[in-house]
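Novice: When you get a sec, could you give me coordinates for this:
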Amino acid sequence: MTRIIAGAARGARLDVPGSGTRPTSDRVRESLFGALESSDAIAGARVLDLYAGSGALGLESLSRGAASVDLVEQGRTAAAIIRRNAGIVAKAAGIATTRVHQSAVRAFLQRAAGPFDLVFTDPPYDLDDDAMTSDLVALAPLLSPEALVVIERARRSTPPDLATAGLELLREKTYGDTTLWWAVPPTPDEGSA
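Specialist: Numbers count the residues shown, from 1 in each chain. Prediction:
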């Protein structure tokens, strides 16, 4: 069972799809969100949760003060579960700013407007490196200048190709079999106009 860890919807129980998803462990979520809060990356953020699964990452952000959350999941059953979970969290938080998109990630990114301030991308571990890079390339123009992208993959996976997407590595942390990469848009050169 997955629960919202903190914030307005703390303790809210989230349903998890029976198959086809891999929820982020409580230990990883607690550490991640502690670091995000200390970086002041959540309050008021426009959040995008790609490969959302149960929606736990995006909905945890909503509970902790994000302004809005877009959750993208291709699977019909998983998207229906996310809609239910989003309703529970939005009601507990007194907010209705969640949008669930039943869509392939690339198709969503090609039509999305942005900008997004905080993005979670937790693709299936078997997503190949080229597809991961293509997702990041499609995501980059949708980011706000101060955006933070958190990429979750298996520890044994090839690190994401951030340079091709025009992103810079900020932090990398491994928890057991899971590695998180934090990436940001490049800082504009001070002398450029």
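
Novice: Longest strand in this structure, please.
Specialist: Using DSSP state E, we find that the single longest strand of the chain is strand 143-154.

Novice: Tell me the buried residues in that one?
Specialist: 143, 147-153 (16 or more other Cβ atoms under 10 Å). Yep, even glycine has a C-beta here, placed from its N, CA and C like the rest.

Novice: List just the nearest of those to A80.
Specialist: Nearest to A80, judged by Cβ to Cβ, of the buried residues of strand 143-154 is E152 at 22.8 Å.

Novice: The residue positioned nearest the centre of the chain: what's it in contact with?
Specialist: With distances taken as Cα atoms, centre = their mean, F120 lies nearest the centre of the chain, 1.7 Å away. Contacts for F120 (Cβ atoms under 8 Å, 6 or more residues apart in numbering) come out as 47-50, 57-58, 150, 152.

Novice: so where does it fall, helix or strand?
Specialist: strand 116-121 (DSSP states H and E).

Novice: Equivalent analysis for A86, please.
Specialist: helix 76-93.

Novice: is it true that R155 touches K173?
Specialist: No: contact criterion Cβ atoms under 8 Å: R155 and K173 do not qualify, at 10.5 Å.

Novice: out of the two, which sits in the busier spot?
Specialist: K173 (13 against 10; other Cβ atoms under 10 Å).

Novice: who does the helix or strand that contains that one touch, helix- and strand-wise?
Specialist: Assessed by DSSP H and E, K173 sits inside strand 168-175. Where contact means 3 or more Cβ pairs under 8 Å, 6 or more residues apart in numbering; DSSP states H and E, strand 168-175 is packed against helix 26-38, strand 178-184.

Novice: Please repeat the previous calculation with a cut-off of 10 Å.
Specialist: If you count contacts as 3 or more Cβ pairs under 10 Å, 6 or more residues apart in numbering; DSSP states H and E, strand 168-175 packs onto helix 26-38, strand 143-154, strand 178-184.

Novice: sorry, back to before: give me the mean pLDDT for the strand holding F120.
Specialist: Strand 116-121 shows a mean pLDDT of 97.

Novice: Provide the contact partners of the next helix or strand along the chain from that strand at residue level.
Specialist: Downstream of strand 116-121, the next assigned helix or strand under DSSP H and E is helix 129-139. Residues outside helix 129-139 that contact it (Cβ atoms under 10 Å, 6 or more residues apart in numbering) are 48, 50-51, 105-110, 112, 114, 116, 119, 121, 123-124, 127-128, 147, 149, 151, 153, 157-167, 183.

Novice: and helix 129-139, which residues are buried?
Specialist: 132-139.

Novice: Turn the residues you listed into CSV, including pLDDT.
Specialist: Compiled in CSV, the buried residues of helix 129-139 are given as follows (pLDDT from 0 to 100):
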residue, pLDDT
M132, 91
T133, 93
S134, 95
D135, 94
L136, 96
V137, 96
A138, 96
L139, 97
